[in-house]
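J.: show me how the following folds:
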Amino acid sequence: MVTGVDISQVQIQRARRLVPAATFLHGAKLDRPGLDALRDQAARAAFDLVLVAAPGRLARNFAHQMVVLEELQRRGVPVVFCDRPLTDDPHEQLVTQIRGAVAEHERTLIADRMRRGRLARLRSGQLLPWTRAPYGSTRPRPSTRSRRGDASWRDQADGRMRPAVPHVRCVAQGSRWRRNAAVSSLEEGLAMDTPRASRPYMPGYGILGPTQGSGLLPWSWAEQRLLASRNYWVATRWPDGRPHAMPVWGIWHDGAFWFSSSRRSRKARNLAADPRCVVTTENAVEPVVVEGLAEVVADPQALARMLALENAKYSTDYSIELLDPAVNATIRVRPRWAFGLAEGDFTGSPTRWTFNAQ
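T.: Residues are numbered from 1 along each chain as shown. Down below sits the predicted model:
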């Protein structure tokens, strides 16, 4: 870290030419094109320092911020924050770390406000101005002028979604589920009996009793992460007993995990021979591991419902043909047992949930 760095406009313009600011995107992820370019240029000693407006602009995740700062320091590239330059003073470094943690907290609050605002709009049948209308619905142009002079055109300039003409069978019903997908995934996805919570058997790790530390985590804690995870791992068993794991897209809905796969894929064939499997979220820091039994679903209404929720989650426009039972298997995994662990309390938060046989 440096003090008294004389930053000239020439240096600033050179930095902007090397790494355009528009390529940085948001600071929620470590994998960003602009940040990757900056780190590559630092490894080649292409510049003398990194100029950042504030710690929150470098990364909105405290751990990511520390990783990038340490990496640049090892490269011999000092980082200068315009509003409060870093020094070797331990107190100043502590202030920088605190500001990084505050930036991560602010991002969490902003995301929560946006989520609640979107849910309120979706419940009222509206979308935010910059949001794309769901497949099967249209949003009239926000204009009060009427092409033909009739009142119907003016009345529809309120931003509310209107049903569009369905293009394939079951899309009309699927679009209604797609329109309310955010509400469905949060409300209907919780429709199941609450499992029994207990401490898992973890000898040698110093695990505390069920009333110590954070105590037993509620099942709602696990479901929130099952709903929010973008990617999942599915572990199955080869017929000869070898383990097999693959990443998949999927949704947590109606108390079960849903995903689709080609009937000829290895995981689908494994599950056809042995329905026992394990599903995990992508976050290893606060994991949720679900052990259950898989079954193939072919009911047309259930398929349309699952497709609508999946399209809403991943911003895709897949048609119902994607889930043709003759080609692709839609698989539902009903949980029998689950495990969760909260970051920051390794010994006092591990929780095992046991489900009644379904």
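J.: domain-wise, how is the chain divided?
T.: Residue ranges for each domain of the chain read 9-106, 193-354, as given by automatic domain parsing.
J.: mind telling me which of those the model trusts least?
T.: Note on those: lowest mean pLDDT is at domain 9-106, with a mean of 71.
J.: and among the domains of the chain, the most buried is which?
T.: Scoring these by mean neighbour count under mean count of other C-beta atoms under 10 Å gives domain 193-354 as the most buried, with a mean of 17. Any C-beta I mention is one placed from the backbone N, CA and C, and that applies to glycine too.
J.: ok, back up a step: okay, the domains of the chain in JSON lines with distance to Asp112 next?
T.: Rendered in JSON lines, the data for the domains of the chain read as follows (distance: least, C-beta to C-beta, whole Å):
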{"stretch": "domain 9-106", "distance to Asp112": "11"}
{"stretch": "domain 193-354", "distance to Asp112": "11"}
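J.: Ala120 is nearest to which of those domains?
T.: Proximity of the domains of the chain to Ala120 was assessed by C-beta to C-beta; the nearest stretch is domain 193-354, lying at 16.3 Å.
J.: for the stretch 251-358 of the chain, what spans make up the helices?
T.: Listed in chain order, the helices of the stretch 251-358 of the chain (DSSP state H, counting those that start in this stretch) span residues 266-273, 300-314.
J.: and these: which comes nearest Val327?
T.: The closest of the helices of the stretch 251-358 of the chain to Val327 is helix 266-273. By C-beta to C-beta, the value is 11.0 Å.
J.: CA atoms only: put stretch 254-269 into CSV for me.
T.: Output for stretch 254-269, consisting of C-alpha atoms alone and laid out as CSV, is shown next (Å, rounded to 0.1, in the frame of the first residue of the first chain):
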residue,chain,number,x,y,z
ASP,A,254,-43.5,-27.6,-4.1
GLY,A,255,-41.1,-29.1,-1.6
ALA,A,256,-38.9,-30.9,-4.2
PHE,A,257,-36.1,-30.3,-6.6
TRP,A,258,-37.0,-30.3,-10.3
PHE,A,259,-34.6,-30.5,-13.3
SER,A,260,-34.7,-31.9,-16.8
SER,A,261,-32.2,-34.1,-18.7
SER,A,262,-32.0,-36.1,-21.9
ARG,A,263,-33.3,-39.6,-21.4
ARG,A,264,-30.1,-40.9,-22.9
SER,A,265,-27.8,-38.9,-20.5
ARG,A,266,-25.8,-40.8,-17.9
LYS,A,267,-27.5,-39.3,-14.9
ALA,A,268,-31.0,-40.0,-16.3
ARG,A,269,-30.0,-43.6,-17.0
